[in-house]
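Student: need a structure here:
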Amino acid sequence: MAQGNPTQAMANIYRTPELWEKIVFTFMCLAVYRLGSFVAVPGVNVQAMVDFFESQSGGLLGLYDLFVGGNLSRSTVFALGIMPYISASIFAQIAAAVIPQVEKMQKDEEGRKKITQYTRYATVGLALVQAWGFSIFTESVQGAVSSPGFGFKMEMAIFLTTGAVFVMWLGEQITERGLGNGASLMIFFSIVQGFIPAIWSTLQLVANQGVSPLAVIGLLILMAGVIAGIVLITIAARRIAIQIPQRTMGRGRMREAAKNFIPLRINAAGVMPIIFAQSLIVVPGALATFSGNQALVDFSDRFQPGTGLYFILSAVLIISFTYFYTAIVFNPVDLAENLKKQGGFIPGVKPGSKTAEYIDHVVSRITLPGAIFLTLIALLPIWIADFVNVTFQFGGTSLLIVVGVALDTLAQMNQHLLLRKYDTFMKKGRAPARGRQGF
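Tutor: Have a look, this model is predicted:
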């Protein structure tokens, strides 16, 4: 198929009723999610919380606030956002990798339904614990709560837990009836909605001569290069050739012999290794902030962004978590068994355990460049702030999530258009491959 005209493709979207309905429904759900960002929990001084978060920029709370679109710093009813559901889903993935019973449940329809239900229960439990902890934290912020006590903690816990459950339901509705993965789109929307204020503040800095226009232009060029690199690594895959021999299917029907390939993604772990690494590396600083212990403060200062220990520890953690999470989400044994059941094989490799070993060896080799890429993306904003000497940063983690979710959503739109034999946004065969659901 020839390269599609983007204007014509947009017109084709409107002329595809089911796709247009999915897009409208998705935007309506995201609008409801946005409206919840203006409803603060009763009894909280929002300005005091915002001022505290601005004074404590970065860290674990800053990362969490980024993923919930600033709802945490504003203490809204959606302060926890979709993150309890994401955490519960990750626990379910880890459980499937280490617990045989859960892995068995994941292989049949009824078992997956039970896992989904357990994930929802875990979401409620995690949301309740996080809401109670956040209520205690809110009381510790000077001037944030007018009437602290058990009653306030219960009130906030109920509001935030209810909000988290509603956001989980909203995300599931987007996944079932809308376009794309609901949880990923909510995080995508939370990050993107902060771009406009950041652009406006940057323009004000340039107008006030706080930032050189050349520095901004250089930063934009660098951002374009980073985005291009993210797109390249996100869709990059190592293709393993397979052959499926001719086979009798029954009633005299024959299945023709075919050649195909297995695409193994270079960055199968997505953004999760960066999130895990950043969550761990900020723990000493968070403990020091809440405890006030001077020895702990001195120790945490060694791991502040920009220090040598921070760069080294971040790189080690990201690379380690990349291999760990890839092992969780990718099972070469199951892939080899499914290939064997279909009668397929990799040329020169025996079916069964030898195929699994070969695939595992290939995945181990291609994971390293993916891990190095994630490390560069995570540390790039800090290097830019040091060398370009600008007063603001763009988050590599944010760009990775935004680009990944955008590519996945675009792939789903292309699939709908291909069903109607319309031109897509990209050349046939070059559309971004859909990754696993989530980020």
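
Student: tell me which strands and helices the longest helix along the chain is in contact with?
Tutor: Determined from DSSP state H, the single longest helix within the chain is helix 353-387. On a contact count with 3 or more Cβ pairs under 8 Å, 6 or more residues apart in numbering; DSSP states H and E, helix 353-387 meets helix 213-235, strand 237-244, strand 258-265, helix 272-281, helix 308-329, helix 332-341, helix 396-419. For the C-beta atoms, the positions are set from N, CA and C on the backbone; glycine is no exception.

Student: Same list as before, these that is, but in TSV and with mean neighbour count and distance to residue 362 included.
Tutor: As requested, the helices and strands packed on helix 353-387 are exported to TSV (neighbours: other Cβ atoms under 10 Å; distance: least, Cβ to Cβ, whole Å):
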stretch	mean neighbour count	distance to residue 362
helix 213-235	14	17
strand 237-244	15	6
strand 258-265	14	6
helix 272-281	21	19
helix 308-329	18	12
helix 332-341	16	9
helix 396-419	20	22
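
Student: can you list these in CSV and add distance to residue 143 and mean pLDDT?
Tutor: Conversion of those to CSV gives the following (distance: least, Cβ to Cβ, whole Å; pLDDT from 0 to 100):
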stretch, distance to residue 143, mean pLDDT
helix 213-235, 36, 81
strand 237-244, 53, 86
strand 258-265, 48, 82
helix 272-281, 28, 77
helix 308-329, 32, 86
helix 332-341, 55, 86
helix 396-419, 30, 80
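
Student: how far does stretch 369-384 sit from the chain's center?
Tutor: How far stretch 369-384 lies from its chain's middle: 16 Å, per Cα atoms, centre = their mean, to the nearest Å.

Student: Name the residues of the longest helix of the chain that come out as buried.
Tutor: By 16 or more other Cβ atoms under 10 Å, the buried positions in helix 353-387 come out as 355-356, 358-360, 362-363, 366-367, 370-371, 373-375, 377-382, 384-385.

Student: Kindly provide the distance from residue 356 to residue 333.
Tutor: 5 Å (Cβ to Cβ, to the nearest Å).

Student: can you check residue 312 too?
Tutor: Distance of residue 312 to residue 333, given as Cβ to Cβ: 34 Å.

Student: just residue 308 next, same as before
Tutor: For residue 308 relative to residue 333 (Cβ to Cβ), the value is 41 Å.

Student: Which residue, neighbours along the chain excluded, lies closest to residue 163?
Tutor: Using Cβ to Cβ, 6 or more residues apart in numbering and skipping residues adjacent in sequence, the residue nearest residue 163 is residue 77, 4.0 Å away.

Student: need the contact list for that neighbour.
Tutor: Listed by Cβ atoms under 8 Å, 6 or more residues apart in numbering, the contact partners of residue 77 are 36, 39, 40, 41, 159, 160, 162, 163.

Student: same question, residue 332
Tutor: Residues in contact with residue 332 (Cβ under 8 Å, 6+ apart) are 356, 357, 359, 360, 363.

Student: Most neighbours among the contacts of residue 77, which one?
Tutor: With neighbours taken as other Cβ atoms under 10 Å, the top of the contacts of residue 77 is residue 160, carrying 28 neighbours.

Student: Let me know whether that one touches residue 41 as I believe.
Tutor: Yes - using Cβ atoms under 8 Å, residue 160 is in contact with residue 41, at 7.0 Å.
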